[in-house]
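Chemist: take this sequence and fold it.
(2 chains)
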Amino acid sequence: MPETVTDQAVLAELDRILAEVIGDDLLLDGPLTMTTSFDADLQLESIEFVALAEKLLETYGQQVDFVAWMAGMELDQIIALTVGDVVSFVVGSLAHA
Amino acid sequence: MARFLFVVPPFTGHINPTVAVAAELAQRGHDVAWTGLPGTVEPLLPAGSTFLPATSDDVAAYVAEASERPQDLRGAAAFKFLQEEVLLPLAGAMVDGVDAAVDTYGADVLVVDQQALGGAVVARRRSMPWATSATTSAELVDPLAALPLVAAAMHEARVALQVAHGIRAEVAAAGDLRLSPHLVLAYTSDLLTGPLPDVPQARFVGPSTLGRPEHDDFPWDDLDPDPDRPKVLVSLGTLNAEAGERFWSVAADACLGARWQAVFVAPTDLVPDPPENVIARTRVPQLALLQRMDAVVSHGGHNTVCETLAAGLPLVLAPIRDDQPVVADQVVRAGAGVRVKFARVKPESLSAAIDQALTDGSLRTAAERVRSSFAAAGGAPAAATHLEALARPHPAR
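Modeler: Numbers count the residues shown, from 1 in each chain, chains lettered A, B, ... in the order given. Sure thing, here's the model as predicted:
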């Protein structure tokens, strides 16, 4: 794990993690960006959210508690969730660690 | 003898399971009737059935339109739409009509589908005995456990619905319209759902649709008589066939040149040029066909899944939305199926999944285990026995 974590570094890491979680079946026109949405663009399924949470934990450690973060969301927040939101969450979690 | 009134939503998969249960009750000398949206229920009932409309035709038209609109919605957005634009308005719209139907019919017991919550409002308001008819098991396993704020918002919406119809707030908050405290009929087995410690009133009766009559215009002669050539049924159910434009194209490619023969239950315009080993039909006699199949590709609709497992067949699951991911998970956990991604699966991975379903003996063994659990659950007669117990005079319902 790098000493200081930038948005771009987390985005790159998320790109790798999502490729693992989703596998060969990723259907996305163009690269993963901060505005890519999980619901509409990636159509991430609930079991893939679970896998994403596990990979984030493996990559960044206990302080990145994705499950607890999602547990604090309302339905509209989940629908609107973007890659940028997750990047900010990871960066923020590591900054407070 | 008692009078049972089934309160159903305008969805085939939720009405079909009640038919055999009602027939069993009638055979035992009870009276049975249905209430729901006019035009959506009667065609699915046996001739001579009693139906009491719960709403005007306008509501049926609204729900039909709302059910059409979100074809491309999936995930959380589809969940929001189903709850806020379909199920809650439907529940509110049905309350007065169900209440009137209870009086007109003289119902003793309501049997309320989990997607016809207006019936639960009426039963709770009148303090009458009622059973939940859980025609899918997804609402029994707490799928929102990881999202407590979403679960709480849904609960509050159901409380508000009750309060709007005259139930005191503290009474409303203490109950759950989705789960009768008296009896929850689950048309599955706990081998498939896993244990349900939070729903002790659940009774697992297994599928009740296995004896339903089917319209049979299937070209049976087109099925390869060679028993060594595997046969695969591919179905997205009654509601989702149109949503599958991409999926059907992938499925056709996955079957191209394959050693198996496939039957697609699909709109024929979505399979314009089927490979020679694919029979595409808009409707099939599913129960009869399952007897000739070796595996099934399904969206994870509860009835198709349970009918497939009742035939002892393994599944490839491509859940689209709503309860389907939950049902698909249950099958995978039971060891009776493999999962692919509906929106993103490619022909090679779908073909590989079908091949696994046909060759992996452990999937078949697990499917046969579920079949045995269904057979032991008792089906419609068991459901009728539980409902009869509910109809007996009982203090302080």
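Chemist: alpha carbons only for contacts and neighbour counts from here, please
Modeler: Will do.
Chemist: let me see the contact set for the residue of chain A at minimum distance from chain B.
Modeler: Ranked by CA to the nearest CA, the top residue of chain A for proximity to chain B is residue A:71, at 4.6 Å. Listed by CA atoms under 8 Å, 6 or more residues apart in numbering or on different chains, the contact set of residue A:71 reads B:146, B:147, B:148, B:149.
Chemist: can we see that at 10 Å?
Modeler: A:78, B:144, B:145, B:146, B:147, B:148, B:149, B:150 (CA atoms under 10 Å, 6 or more residues apart in numbering or on different chains).
Chemist: which parts of chain A sit against chain B?
Modeler: A:22-28, A:38-40, A:42-47, A:50, A:67-80 (CA under 10 Å from any CA of the partner chain).
Chemist: mind giving me the PyMOL select for those residues, buried ones only?
Modeler: Filtering the residues of chain A next to chain B down to the buried ones (16 or more other CA atoms under 10 Å in any protein chain shown) takes a single PyMOL command:
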select buried, chain A and resi 22+26+38+39+40+42+43+44+45+67+70+71+73+74+75+78+79+80
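Chemist: measure the nearest residue to the residue of chain A closest to chain B once chain neighbours are set aside to residue A:74 for me?
Modeler: Ranked by CA to CA, 6 or more residues apart in numbering or on different chains and with sequence neighbours excluded, the top spatial neighbour of residue A:71 is residue B:147, at 4.6 Å. Applying CA to CA, to the nearest Å, the value for residue B:147 to residue A:74 is 8 Å.
Chemist: now swap in residue B:52 and tell me
Modeler: From residue B:52 to residue A:74 the distance is 38 Å (CA to CA).
Chemist: residue B:312 now?
Modeler: Distance from residue B:312 to residue A:74, by CA to CA: 40 Å.
Chemist: same question, residue B:59
Modeler: Taken as CA to CA, the span from residue B:59 to residue A:74 is 29 Å.
Chemist: ok, residue B:74 next?
Modeler: Taking CA to CA, one finds residue B:74 at 17 Å from residue A:74.
Chemist: work out for me the element the spatially closest residue to residue A:39 that is not a sequence neighbour sits within.
Modeler: Spatially, and ignoring its direct neighbours in sequence, residue A:39 is nearest to residue A:79 (5.7 Å; CA to CA, 6+ apart). Per DSSP states H and E, residue A:79 falls inside helix A:75-80.
Chemist: now swap in residue B:264 and tell me
Modeler: With DSSP H and E as the test, residue B:264 turns up in strand B:261-265.
Chemist: quick one: whatever helix or strand comes next after that strand to chain centroid distance?
Modeler: Reading on from strand B:261-265 to the C-terminus, the next helix or strand found by DSSP H and E is strand B:278-281. Strand B:278-281 sits 24 Å away from the centroid of its parent chain (CA atoms, centre = their mean, to the nearest Å).
Chemist: neighbouring strands - and their directions - for strand B:278-281?
Modeler: With DSSP bridges as the test, strand B:278-281 is paired with strand B:261-265 (parallel).
Chemist: pull the CA atoms of the partner strand into PDB?
Modeler: Only the C-alpha atoms of strand B:261-265 are listed here, as PDB (Å, rounded to 0.1, in the frame of the first residue of the first chain):
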ATOM      1  CA  GLN B 261     -30.800 -28.700 -28.300                       C
ATOM      2  CA  ALA B 262     -32.400 -25.700 -26.700                       C
ATOM      3  CA  VAL B 263     -36.000 -24.400 -26.300                       C
ATOM      4  CA  PHE B 264     -36.200 -20.600 -26.000                       C
ATOM      5  CA  VAL B 265     -39.300 -19.100 -24.400                       C
END
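Chemist: so for it, mean pLDDT?
Modeler: For strand B:261-265, mean pLDDT rounds to 97.
Chemist: contacts for that strand next, please.
Modeler: Counting by CA under 10 Å, 6+ apart, B:223-224, B:229-238, B:241, B:248, B:251-252, B:255, B:271, B:274-284, B:286, B:289, B:293, B:295-297 sit against strand B:261-265.
Chemist: and for the closest residue in space to residue B:306 that isn't next to it in sequence, the neighbour number?
Modeler: Spatial nearest neighbour of residue B:306, chain neighbours left out: residue B:207 (6.3 Å); criterion: CA to CA, 6+ apart. Residue B:207: 28 surrounding residues under other CA atoms under 10 Å in any protein chain shown.
Chemist: host element of the residue nearest to the spatial centre of chain A?
Modeler: Ranked by distance to the mean C-alpha position of chain A (CA atoms, centre = their mean), the top residue is residue A:86 at 4.4 Å. Here residue A:86 sits within helix A:83-95, counting by DSSP H and E.
Chemist: for the helix holding residue A:79, packing partners?
Modeler: If contacts are counted by 3 or more CA pairs under 10 Å, 6 or more residues apart in numbering or on different chains; DSSP states H and E, helix A:75-80 sits against helix A:66-71, helix B:75-81, helix B:148-164.
Chemist: sec struct for whichever residue of the stretch 201-350 of chain B sits closest to chain A, please.
Modeler: Nearest residue of the stretch 201-350 of chain B to chain A (CA to the nearest CA) works out as residue B:344 at 5.1 Å. Three-state assignment for residue B:344 (DSSP: H, G, I helix; E, B strand; the rest coil): coil.
Chemist: per-residue pLDDT, it?
Modeler: 84.
Chemist: was I right about it contacting residue B:247?
Modeler: Yes: between residue B:344 and residue B:247 there is a contact at 8.4 Å, judged by CA atoms under 10 Å.
Chemist: touching both of the two, which residues are there?
Modeler: residue B:318.
Chemist: low-confidence ranges, chain A, go.
Modeler: Scanning chain A for pLDDT under 70 picks out A:1-4, A:24-29, A:97.
Chemist: what residues are up against the residue in chain B that chain A sits nearest to?
Modeler: Nearest residue of chain B to chain A, counting by CA to the nearest CA: residue B:147, 4.6 Å away. With contact taken as CA under 10 Å, 6+ apart, residue B:147 is in contact with A:67, A:68, A:69, A:70, A:71, A:72, A:73, A:74, A:75, A:78.
Chemist: export these to CSV and append columns for distance to residue B:172.
Modeler: What follows is the contacts of residue B:147, written out as CSV (distance: CA to CA, whole Å):
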residue, distance to residue B:172
A:67, 30
A:68, 29
A:69, 30
A:70, 28
A:71, 25
A:72, 25
A:73, 25
A:74, 22
A:75, 23
A:78, 27
